[in-house]
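Trainee: Turn this into a model:
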Amino acid sequence: MKEVVLALIAGLIVGIIFKFMRLPLPAPPVFSAVVGVFGVYFGGVIASWMVKFFQ
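Mentor: The predicted model follows:
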């Protein structure tokens, strides 16, 4: 849980810095893109579970 909180804080700081520098945010602006990133991550987790299960 500590990693999640630290990642959130780092993301907030980066977002604030980018806004003050008037740069585009380095993140997908569409919710479906964020869901796609989670899908890729969880797909990798499921694949590693399957490899461990079938060994």
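Trainee: Excluding covalently adjacent residues, which one is nearest to Gly15?
Mentor: Spatially, and ignoring its direct neighbours in sequence, Gly15 is nearest to Leu25 (6.2 Å; C-beta to C-beta, 6 or more residues apart in numbering). For every residue, glycine as well, the C-beta is placed using N, CA and C.
Trainee: Would you mind giving the secondary structure of the one you found?
Mentor: Using DSSP: H, G, I helix; E, B strand; the rest coil, the structure places Leu25 in coil.
Trainee: Can you give me the pLDDT of it?
Mentor: Looking at Leu25, its pLDDT stands at 79.
Trainee: OK, contacts around it?
Mentor: By C-beta atoms under 8 Å, 6 or more residues apart in numbering, the contact set of Leu25 is Gly15, Phe18, Lys19.
Trainee: and the helix or strand harbouring Ala33, C-alpha only, in CSV?
Mentor: Under the criterion of DSSP states H and E, Ala33 resides in helix 31-53. Only the C-alpha atoms of helix 31-53 are listed here, as CSV (Å, rounded to 0.1, in the frame of the first residue of the first chain):
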residue,chain,number,x,y,z
PHE,A,31,-10.5,7.1,-19.2
SER,A,32,-10.5,4.2,-21.7
ALA,A,33,-6.7,4.5,-22.1
VAL,A,34,-6.2,4.3,-18.4
VAL,A,35,-8.4,1.2,-18.3
GLY,A,36,-6.3,-0.3,-21.1
VAL,A,37,-3.1,0.2,-19.0
PHE,A,38,-4.7,-1.6,-16.1
GLY,A,39,-5.7,-4.4,-18.5
VAL,A,40,-2.2,-4.8,-19.8
TYR,A,41,-0.9,-5.0,-16.2
PHE,A,42,-3.5,-7.5,-15.0
GLY,A,43,-3.0,-9.5,-18.2
GLY,A,44,0.7,-9.9,-17.2
VAL,A,45,-0.2,-10.8,-13.7
ILE,A,46,-2.6,-13.5,-14.8
ALA,A,47,-0.1,-14.8,-17.3
SER,A,48,2.5,-15.2,-14.5
TRP,A,49,-0.1,-17.0,-12.3
MET,A,50,-0.8,-19.4,-15.2
VAL,A,51,2.9,-20.1,-15.7
LYS,A,52,3.3,-20.9,-12.0
PHE,A,53,0.1,-23.0,-12.0
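Trainee: That concludes my questions; thank you for your assistance.
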